[in-house]
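**Q** just coords:
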């Protein structure tokens, strides 16, 4: 029975994909530098004048200064943030005036590491090893995730499925590095809970001779999930959970808005929101396009489309998980308007699915995949230039701290501030 179950899982999930040759070292170097250049064009002002963002100052900086190393394991918002908190703790070695630059550099390094990790995924074909890293940078997104310590855990979450799908037989050194990476990400991001099932399934379908790697990763995932769930439960107020029972609100929040944001972009999508006649036309056209695209993916052969379908499932799980805290107000979020970061993972995974579909499809399906990718790029173009953060003169405020016992320093976005003590 276990063997039959294992065969069924292998049939429907992409756990048995063949390995492809790795990229050469200079190809990875080109990807890293190209990613930096692309990020620069999306957010040039961040390179010239880095600014702290929200919890960068009020939580990570403030508590690193007051709690010391204890801040690394201090929960916030119901879960641990080990990676950004450790960076904030390490940043205390630098002058306070340079903290925005240190946070910016660390966030950029995490972004480049994420891109380089995707370039080394064994089961990705060589061309996709090059394309997938840039999907992160070119998915429709206004840049809230990029270059801020507060949001680096959203980038790290992208790697969780790739760690679970990772091939075996790479030696003890590779296993140790992967386990440590999973440990850090799992203790920094609650999405390890969302993707935990992948780590449960992997040992079930791995041959006995190669099960050690999968079992070790399952143990690490189980440990991090247990810790995050315990902290989440301990920090939640014991109140009755309110849920919006209006089904149309949920359809709009989880289907209409994400689909419009992914394929229509900011300006066209906004027209659809505000102009009734345009909303009907755009709605009908987008529905037909999505229906044809779904039919093309589902009928392209299961051995080919199971990867695309898998990425779409991951996108749906990521999106639904984002509404756990907003189940009473699902319409509070909207792409490019409010809660932009909550759509980052779903959009990235759908883009992965479209790129894989285009790469593996043939005939008219390949053309359709190309059109879908181009439409998404047009959507990205509508928000390509990340909004410029206000220069709040961090260094000038820090200079005043020499003459004051404490100061209140304004942060981005407007309305945030951090109180610093001498």
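**A** Yep, it's here. Nothing here was measured: the structure is a model prediction, and the numbers come from that model.
**Q** pretty sure residue 414 contacts residue 390?
**A** Yes - with contact defined as Cβ atoms under 8 Å, residue 414 reaches residue 390; the gap is 6.9 Å. For every residue, glycine as well, the C-beta is placed using N, CA and C.
**Q** For this structure, which segments are assigned as strands?
**A** All strands of the chain, identified by DSSP state E, fall at 406-411, 416-421.
**Q** For residue 295, which of those is the nearest?
**A** Judged by Cβ to Cβ, the one of those that comes nearest to residue 295 is strand 416-421, at 46.4 Å.
**Q** Quick one: mean pLDDT over that closest one.
**A** Taken as a whole, strand 416-421 has an average pLDDT of 89.
**Q** List the buried residues of it.
**A** Within strand 416-421, the residues scored as buried using 16 or more other Cβ atoms under 10 Å are 416, 418, 420.
**Q** Now residue 301: phi and psi?
**A** phi 100, psi 120 (degrees, to the nearest 10).
**Q** How many residues are close by it?
**A** Neighbour count for residue 301, taken as other Cβ atoms under 10 Å: 12.
**Q** now do the one 4 residues further on
**A** Burial of residue 305, expressed as a neighbour count using other Cβ under 10 Å, amounts to 21.
**Q** mind showing which ranges of this protein have poor pLDDT?
**A** Along the chain, segments meeting pLDDT under 70 span 1-16, 167-170, 209, 236-241, 303.
**Q** Against which helices or strands is the longest helix seen in it packed?
**A** When the chain is parsed with DSSP state H, its longest helix is helix 211-235. Packed against helix 211-235 by the contact rule (3 or more Cβ pairs under 8 Å, 6 or more residues apart in numbering; DSSP states H and E) you find helix 159-164, helix 171-186, helix 191-194, helix 196-205.
**Q** what angle sits between that helix and helix 196-205?
**A** Relative orientation of helix 211-235 versus helix 196-205 (axes from the mean of the first three to the mean of the last three Cα atoms, to 10 degrees): 150 degrees.
**Q** hang on, the earlier thing: nearest to residue 343, of the helices and strands packed on helix 211-235?
**A** Per Cβ to Cβ, nearest to residue 343 of the helices and strands packed on helix 211-235: helix 191-194, 14.0 Å.
**Q** just how off-centre is that closest one within its chain?
**A** Relative to the chain's own centre, helix 191-194 is displaced by 12 Å; criterion: Cα atoms, centre = their mean, to the nearest Å.
**Q** swap in stretch 299-312?
**A** 21 Å.
**Q** in it, what's buried?
**A** For stretch 299-312, the neighbour count (16+ other Cβ under 10 Å) marks 300, 304, 305, 306, 307, 308, 309, 310, 311, 312 as buried.
**Q** Show me which of these is closest to residue 49.
**A** For the buried residues of stretch 299-312, the nearest to residue 49 is residue 311 (36.5 Å; Cβ to Cβ).
**Q** And for the spatially closest residue to the closest one that is not a sequence neighbour, the neighbour number?
**A** Distances taken as Cβ to Cβ, 6 or more residues apart in numbering put residue 353 closest to residue 311, at 3.7 Å, once the chain neighbours are dropped. By other Cβ under 10 Å, the residues close to residue 353 number 23.
**Q** which residues touch the longest helix of the chain?
**A** Taking contacts as Cβ atoms under 8 Å, 6 or more residues apart in numbering, the residues outside helix 211-235 that touch it are 75, 78-80, 163-164, 166, 168-170, 175, 178-179, 182-183, 185-187, 190, 192-193, 196, 199-200, 202-203, 206.
**Q** now those: which count as buried?
**A** 79-80, 163-164, 166, 168, 175, 178-179, 182-183, 185-187, 190, 192-193, 196, 199, 202-203, 206.
**Q** Now for the closest residue to residue 184 other than its chain neighbours: which residues touch it?
**A** Of all residues not flanking residue 184 in the chain, residue 83 sits nearest, at 5.6 Å (Cβ to Cβ, 6+ apart). Residue 83 makes contacts with 110, 152, 153, 156, 184, 185, 187, 188, as judged by Cβ under 8 Å, 6+ apart.
**Q** Quick check: the fifth one touching residue 82?
**A** Read that as residue 184. Yes - counting by Cβ under 8 Å, residue 82 is a contact partner of residue 184 at 6.3 Å.
**Q** Compare those two (neighbour count), which wins?
**A** Applying other Cβ under 10 Å to residue 184 and residue 82 shows that residue 82 carries more neighbours, namely 21 against 15.
**Q** ok, that one touching residue 185?
**A** No - counting by Cβ under 8 Å, residue 82 does not reach residue 185; the two are 9.0 Å apart.
**Q** List the contacts of the nearest residue to residue 195 once chain neighbours are set aside.
**A** Counting by Cβ to Cβ, 6+ apart, residue 195 lies nearest to residue 160, which is 4.5 Å off, once chain neighbours are set aside. With contact taken as Cβ under 8 Å, 6+ apart, residue 160 is in contact with 182, 185, 189, 191, 192, 195, 198.
**Q** Now do the same contact list for residue 147.
**A** 39, 43, 46, 50, 104, 107, 108, 111.
**Q** try it again with 10 Å
**A** Residues near residue 147 by Cβ atoms under 10 Å, 6 or more residues apart in numbering: 39, 42-43, 46-47, 50-51, 53, 103-108, 110-111, 386, 389.
**Q** How is this structure partitioned into domains?
**A** Structurally, the chain divides into domains by automatic domain parsing as follows: 2-13+22-234+389-421, 247-381.
**Q** Show residues contacting stretch 359-374.
**A** 124-125, 127-128, 131, 135, 138, 262-263, 289-290, 292-293, 295-297, 299-301, 303-305, 307-308, 350-351, 353-358.
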